[in-house]
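> Dropping a prediction and its sequence here:
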Amino acid sequence: MTPHYHLALMTSLLLVGCARNSSVHSGGAPLSQSAHGFSAANPFAEPSSLQYQAPPFNKIGNLDYQPAIEEGMRQAQQDWNTIAKEPSPATFDNTILPLEKSGVLLTRVNRVFGGVVAANTNDTLQQVQTEEAPKLASHYDALYLNPQIFRRVEAVYAKREALQPEQRAVVERYHRDFIRAGAQLTEEQKERLRKLNQEEASLSTDFANKLLAATKNGALVVNTRAELQGLSDADMAAAAEAAKERKLPGKFVLALQNTTQQPAQASLANRSVRQRLFEASSRRADRGDSTDTRAIVRRLAQLRTERAALLGFKTYADYALQDQMAKTPQGAIDLLSQVVPPATRRARAEAEKIQALIDQENGGFKLAPWDWQYYAERVRRAEYNLDEDQIKPYFSLDRVLKDGVFFAAHQLYGLTFKERKDLPVYHPDVRVFEVFDADGQSIALFYADYFKRDNKGGGAWMDFFVNPSGLTGQKPVVYNVANFTKPAPGMPALLTFDDVTTMFHEFGHALHGIFEHVQYPTLLNTPTDFVEFPSQFNEHWALEPTVFANYAKHYQTGAVMPQDLVERIKKAQSFNQGFKTTEYVAAALLDLAWHTLPQGTPQQDVEAFEQQALARYHVDLPEVPPRYRTPYFAHIWGGGYSASYYAYMWSEVLDDDAYAWFKEHGGMTRENGQRYRDMILSRGSTEDAAVLFRKFRGRDPRIEPLLEERGLTE
């Protein structure tokens, strides 16, 4: 399972303080000069004149964001004051509709700033985010803690049954959001909540900035080519190029990805180098230096318990999951607990097989976490005759994108794509495509930013630069970001099959954003444990025979991958699933452990707490560390998955069961794709997520297809 951010996450970037990136104008004057104010010359002052209001990145400089954010907050406050002072009795048209239309400038700049600060940051933009995060927290408190506006929302809510279904859904969402944000608290409680929100926004920003620096600083520097024995020539060249970029000519740099285990560990023959790389990864943010995040984590956990208690919840997880499909922390824990026994049982069996190989080769050591990837790859080669270096030449990035990801979207939904080199981008690596529907109508723009940079946040994600809106007819401008290794100049970008799966996954999010057809933008946001359903569902098409044959071609000869190799890849899909499932479930349960602490719990020792939590949930396998350890668990401390990292597993139950429906009804057909598009992808939150799935599947989801897909059945 690859790390991903859901499509609604980046909307809240500035609120939670997730930091990272930059504009094409990366230099410029000191930040203090940005205080000169907002003017008509600011590129955000008016909607972009580019197609679908695509961001004019060629005109946006670092110093344009902060005055636009400040002015955007001012204009939004004006909009809200008008609603609050409306003398007429509250109706949908004079209360809810103006709320949907409010804050246009702030939305415009936040969407772009959130995207750029996550994927291409610099010191200036991080400072802007640091300054604006607590202000934005206060700004949104000014809406949700406004008693006049809440009374109007309550009045419309009381008469919601007379509204159209989509209007009723919007009203119910607003009413719920106001209450969850503290609208029913006393003034004294509201004041305390404001302080908690501001502190959390600042700390989350600080966490993200420290983690970005820790990940960059934690990269492993290797002095000689001999130490990298086992890496392919292309990977060696990429490591040498990464060293040059850091002004370390003659050396090699293995940059860290955001997960505990690092891809290079599968190839590195030198055990000492593997151990150094593992320790650089797993200790990246707990070394007691300026990038240590543990104090922030301890305080964030404490803040969240207090905020939850203030809002009437036993724990933060109770608060966070109230409006999710799981509903309660126990619901999420129960799902994960069903998977723990078969996953850990399989992981232990895998460990025994690896240890047997080590002993057979007279290794003279006990399997350690830094050995797993290397020897698992050896076992995979022996059992399935598969070698990653044998596979990668068939997965060139451009072909996977155009002949795989795009081709599958055409087969299922009739979409076609045209690359647009005339639209400006925030970094030269970014590509833009116009998306056309089956009838030839242009329906969206899609931006793709796939290569790792030191100033890019870890993982992969999707979001909007421009929201779609049924109110205005606005088309979506969506983007995918990933962290694939950038090849040396003149070399092709060759992917692992995990990378291929990530591309299909993130484009599943993009399809969700492109197809959502709702009148009111608020209904674009779906529960976290549903939002991963479309993305994980889209992963299935990576191995669909007609799709796979269309993109899995040798980058030099164009030859289709031999069928025997295809079959070996398919058979190996359940290989190492004990490890992969256990490392994921361990991280998900660790997240829930942190967020089920009751109010009044003293700040925790991070290492001790982590060890106790893993033992409590029976996922403390020493050879299988969590996919993320606490100090670099960006999903839950700097992102939108606090108490919700379980969502990937919950959504996987949905996606595997939905895929089973496809298999039962003829597989990849336009008819089936259209049904899925109409009943799931286009609906947003117009109905309860469980209802949407039930209507599509004809029943509630079952876990059996997930266990079968992962090969965890007995």
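Looks like it arrived, so ask away. In this text, all values refer to a predicted model and were calculated from it rather than measured experimentally. Residues are numbered from 1 along each chain as shown.

> hang on, Ala438 in a helix?
No. Remark: Ala438 does not belong to a helix; assigned using DSSP: H, G, I helix; E, B strand; the rest coil, it is coil.

> now the nearest residue to Lys695 once chain neighbours are set aside: how far from Lys101?
Of all residues beyond its chain neighbours, the one nearest Lys695 is Met679 (6.1 Å), with distances taken as Cβ to Cβ, 6 or more residues apart in numbering. Glycine gets a C-beta too; all of them are placed from N, C-alpha and C. Look at Met679 and Lys101: by Cβ to Cβ, to the nearest Å, they are 29 Å apart.

> so what's the backbone phi/psi at the residue nearest to Lys695?
Main-chain dihedrals, Met679, degrees, to the nearest 10: phi -100, psi -20.

> ok, it touching Arg697?
No. Assessed by Cβ atoms under 8 Å, Met679 is found out of contact with Arg697, at 9.5 Å.

> Let me see the ranges of the strands in the stretch 401-550 of the chain.
Assigned by DSSP state E, counting those that start in this stretch, the stretch 401-550 of the chain shows strands spanning 416-419, 431-436, 442-451, 460-466, 477-484.

> same check, this time on the stretch 101-250 of the chain
Going by DSSP E, counting those that start in this stretch, the stretch 101-250 of the chain shows strands at 220-222.

> Can you report how many residues lie near Asp439?
7 (other Cβ atoms under 10 Å).

> what sits against it?
Listed by Cβ atoms under 8 Å, 6 or more residues apart in numbering, the contact set of Asp439 reads Gly414.

> and the gap between it and Arg108?
According to Cβ to Cβ, Asp439 stands 29 Å off from Arg108.

> for this protein, which spans come out with low pLDDT?
The chain contains residues with pLDDT under 70 at 1-36, 714.

> if I read this right, Arg629 contacts Glu279, doesn't it?
No. Look at Arg629 against Glu279 with Cβ under 8 Å: they stay out of range, at 11.8 Å.

> Neighbour count for those two, which is higher?
Legend: neighbour count by other Cβ under 10 Å for Arg629 and Glu279, higher for Arg629 (22 against 14).

> ok, which stretches of the stretch 551-700 of the chain are helices?
563-571, 577-595, 606-616, 634-637, 647-664, 670-676, 689-697 (DSSP state H, counting those that start in this stretch).

> packing partners for the fourth one?
Contact partners of helix 634-637 among helices and strands, from 3 or more Cβ pairs under 8 Å, 6 or more residues apart in numbering; DSSP states H and E: helix 187-217, helix 294-310, helix 577-595.

> How far off centre is the first one?
It refers to helix 187-217. On the basis of Cα atoms, centre = their mean, to the nearest Å, helix 187-217 sits 19 Å off its chain's mean C-alpha point.

> which residues touch the residue nearest to Gly182 when sequence neighbours are not counted?
Spatially, and ignoring its direct neighbours in sequence, Gly182 is nearest to Leu193 (4.8 Å; Cβ to Cβ, 6+ apart). Shown in contact with Leu193 (Cβ under 8 Å, 6+ apart): Asp141, Leu145, Gly182, Leu185, Arg307, Leu310, Leu311.

> And Phe530, by the same measure?
Met325, Ser651, Leu654, Ala689, Phe693.

> one more time with 10 Å
If you count contacts by Cβ atoms under 10 Å, 6 or more residues apart in numbering, Phe530 has them with 6, 324-325, 647, 650-651, 654, 680, 685, 688-690, 692-693.

> any idea how far it lies from Ile333?
Distance, Phe530 to Ile333, using Cβ to Cβ: 18 Å.

> go on, Tyr646?
8 Å.

> Now do the shared contacts for the two.
With contacts taken as Cβ under 10 Å, 6+ apart, the residues that reach both Tyr646 and Ile333 are Ala317, Ala326, Ala588, Leu589, Leu592.

> Hmm, Met176 is touching Tyr157, no?
One thing to correct before we go on: residue 176 is Arg, not Met. Yes. Between Arg176 and Tyr157 there is a contact under Cβ atoms under 10 Å: 9.3 Å.

> Give me the more crowded residue out of those two.
The neighbour comparison of Arg176 against Tyr157 (other Cβ under 10 Å) goes to Tyr157, with 19 against 13.

> Ignoring the adjacent residues along the chain, who's closest to that one?
Spatial nearest neighbour of Tyr157, chain neighbours left out: His175 (4.3 Å); criterion: Cβ to Cβ, 6+ apart.
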